[in-house]
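Novice: Next come a sequence and a model predicted from it.
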Amino acid sequence: MTSFGKSNYLLLGQLFTSIGTGAILATAAIFLVRSVHLPEADVGIGMAAVGAISFAALFVIGPAVDHFGPRKVIVVSTVLAATATTCFVWIGSLFTFILFESVSNSALLGMSVGQRALVGRVMGSEDRVRYQAYGRSLSNVGYAFGTLAVVPLLQADTRAAYTAIFLCTALAIAAAIPCTVKGPCPETAPERKSPRTAIADVRYVVMAVLCGLLTARARILTVAVPLWIVAHTHAPVGLTGFLLFLNTAVVVLLQVRLSRSAADLAGASKVTLFGGAAFAGAFTLIAFASTTATGVAIAMLVTGIVLFTLGEMWTAAAAWTYSYELADPAMHGRYQSVFALGRTVGNIAGSVLASVVATLGIAGWGVAAAVLVSCCALTAAAAPAHRAMGLRSRVD
């Protein structure tokens, strides 16, 4: 792995956190239904409540990062996330689930926003996208490891097994604390170049929403694709797990390489359009895999997921560039929080698109393709050609 100096410690901390996150993602829903005995409807209500609380928390996280400094916010958020995860062992009702999960999820957002702001302060534009690409690759490794590690404990399906998962997850998250302490320490934030607040920066908010809508791809991959394979194709059910593994493996192998083309705003606009074309091709193949025999369907689904992953990597790399290059360097905390709000919108949109696909079938895949391709085209059109233009537009 390339060296980013002390920032390599941040990458290590990100790996530990992603291992814990992968374990929780694989465990949470099963635990709530099998051990806490919550109805599935209540689980959905709880998840929605947690999302709303986390959304509101972002309005506090950004100013806190700019006021107290990103390192302090990361450390405090990590302590809160580890503590709240430990408290999962006491979840026994919908209320306690919402309480502890809201603290944990908001704290994880604080860690994410703080780290992005820290990277914005200590790295130049030529290194930020490359760093985020390495971070995303490592995170995918961590998610995969965390998910696989809990399989034996999930199979046991006992309260003691779930308790072990939560305690080990808390330890994995807490391991990121010394990594942050050993990481880079930024100098004082540069002087503000614009009197506007981040939420009043119209261009940035538009870009945040558009890039956020593109993150709907995650729910399409993890919800719409598996349901489509099971209900509408002749492909074996086990293919769903392989396709998710394939997606992870391709990201790990190629994210850094594909991100090089998005190092500046002009390059980011170009790869955003590449991403739109890849999504269009992927959704076409996945949709029409339902009309073919087993062997052909498998080939179409595998090819479709490879194309989907290319689109995912290109649009992710472009979003990193937009989030930094269009931000006021003196307010990275606030600006990165706004960008995180966009990703929250994308999570909601992804759930809606997954429902559209389930309801409309092949036509639903056309709707999903139209939404993502349109977002790619609008994002590329809205982005300035150079960073200086973006700064002038805010000052003017």
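Specialist: Happy to help now that I have it.
Novice: shaky segments in the stretch 151-300 of the chain?
Specialist: Within the stretch 151-300 of the chain, the stretches with pLDDT under 70 are 187-197.
Novice: Next one: residue 208 from residue 117, what distance?
Specialist: Applying C-beta to C-beta, to the nearest Å, the value for residue 208 to residue 117 is 15 Å. (Each C-beta comes from the backbone N, C-alpha and C, glycine too.)
Novice: meant to ask about residue 287, not that
Specialist: 40 Å.
Novice: Pick out whichever of the two has more residues nearby.
Specialist: residue 117 (30 against 22; other C-beta atoms under 10 Å).
Novice: Surely the more buried one and residue 332 touch.
Specialist: Yes: here residue 117 reaches residue 332: they are 3.8 Å apart, a contact under C-beta atoms under 8 Å.
Novice: what do the two both touch?
Specialist: 65, 66, 70 (C-beta atoms under 8 Å, 6 or more residues apart in numbering).
Novice: Lowest-confidence entry in these?
Specialist: Ranked by pLDDT, the shared contacts of residue 117 and residue 332 bottom out at residue 66 (87).
Novice: quick one: residue 26 and residue 85, what's the gap?
Specialist: Relative to residue 85, residue 26 is positioned 14 Å away (C-beta to C-beta).
Novice: okay, residue 395: pLDDT?
Specialist: Looking at residue 395, the pLDDT reads 32.
Novice: likewise residue 138?
Specialist: Looking at residue 138, its pLDDT reads 91.
Novice: what's the nearest residue to it if we skip its chain neighbours?
Specialist: residue 15 (4.7 Å; C-beta to C-beta, 6 or more residues apart in numbering).
Novice: residues contacting that neighbour?
Specialist: When contacts are counted by C-beta under 8 Å, 6+ apart, residue 15 touches 138, 139, 141, 142.
Novice: helix or strand for it, which one?
Specialist: Assigned by DSSP states H and E, residue 15 falls within helix 7-34.
Novice: So for that helix, what gets flagged as buried?
Specialist: Within helix 7-34, the residues that count as buried by 16 or more other C-beta atoms under 10 Å are 7-24, 26-28, 31-32.
Novice: Show the average pLDDT along it.
Specialist: If you average the pLDDT over helix 7-34, you get 89.
Novice: So which bits of the helix or strand encompassing residue 324 are buried?
Specialist: Using DSSP H and E, residue 324 sits within helix 294-325. Under the neighbour-count criterion of 16+ other C-beta under 10 Å, helix 294-325 has 297-298, 300-302, 304-325 buried.
Novice: same for it, what does it pack against?
Specialist: Judged by 3 or more C-beta pairs under 8 Å, 6 or more residues apart in numbering; DSSP states H and E, the packing partners of helix 294-325 are helix 125-149, helix 202-214, helix 217-219, helix 239-259, helix 265-288, helix 332-360, helix 362-382.
Novice: and the angle for the second one with helix 294-325?
Specialist: The reference is to helix 202-214. 160 degrees (axes from the mean of the first three to the mean of the last three C-alpha atoms, to 10 degrees).
Novice: and the closest residue to residue 30 other than its chain neighbours, what element?
Specialist: Setting aside the residues directly before and after it, residue 30 is nearest to residue 154 in space (C-beta to C-beta, 6+ apart), at 6.2 Å. Residue 154 belongs to helix 151-156 when assigned by DSSP H and E.
Novice: Just checking the distance from that helix to the centre of its chain.
Specialist: Its chain's C-alpha centre lies 26 Å from the corresponding centre of helix 151-156 when counted by C-alpha atoms, centre = their mean, to the nearest Å.
Novice: So which bits of it are buried?
Specialist: In helix 151-156, counting by 16+ other C-beta under 10 Å, buried: 153, 154.
Novice: I'd like the next helix or strand past it.
Specialist: Note on helix 151-156: by DSSP H and E, the next helix or strand toward the C-terminus is helix 159-174.
Novice: Alpha carbons only: can I get that following helix in PDB?
Specialist: Provided in PDB are the C-alpha atoms of helix 159-174 (Å, rounded to 0.1, in the frame of the first residue of the first chain):
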ATOM      1  CA  ARG A 159     -28.300 -14.500  23.300                       C
ATOM      2  CA  ALA A 160     -24.700 -15.300  24.400                       C
ATOM      3  CA  ALA A 161     -23.600 -15.500  20.800                       C
ATOM      4  CA  TYR A 162     -25.200 -12.100  20.000                       C
ATOM      5  CA  THR A 163     -23.600 -10.600  23.100                       C
ATOM      6  CA  ALA A 164     -20.200 -11.900  21.900                       C
ATOM      7  CA  ILE A 165     -20.700 -10.200  18.600                       C
ATOM      8  CA  PHE A 166     -21.600  -6.900  20.100                       C
ATOM      9  CA  LEU A 167     -18.600  -6.900  22.600                       C
ATOM     10  CA  CYS A 168     -16.100  -7.800  19.900                       C
ATOM     11  CA  THR A 169     -17.600  -5.200  17.600                       C
ATOM     12  CA  ALA A 170     -17.200  -2.500  20.300                       C
ATOM     13  CA  LEU A 171     -13.500  -3.600  20.700                       C
ATOM     14  CA  ALA A 172     -13.000  -3.300  17.000                       C
ATOM     15  CA  ILE A 173     -14.400   0.200  16.900                       C
ATOM     16  CA  ALA A 174     -12.400   1.200  20.000                       C
END
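Novice: rewinding a little: what sits up against the helix holding residue 154?
Specialist: 26, 27, 30, 161, 162, 164, 165.
Novice: go with 7 Å
Specialist: 26, 27, 30, 161, 164, 165 (C-beta atoms under 7 Å, 6 or more residues apart in numbering).
Novice: Need the nearest residue in space to the first one, chain neighbours excluded.
Specialist: The reference is to residue 26. Excluding its sequence neighbours, the residue lying closest to residue 26 (C-beta to C-beta, 6+ apart) is residue 147, at 4.5 Å.
Novice: List phi and psi for residue 184.
Specialist: Dihedral angles of residue 184 (phi, psi; degrees, to the nearest 10) stand at phi -70, psi 150.
Novice: is it true that it touches residue 6?
Specialist: Yes: applying C-beta atoms under 7 Å, one finds residue 184 in contact with residue 6, separated by 4.3 Å.
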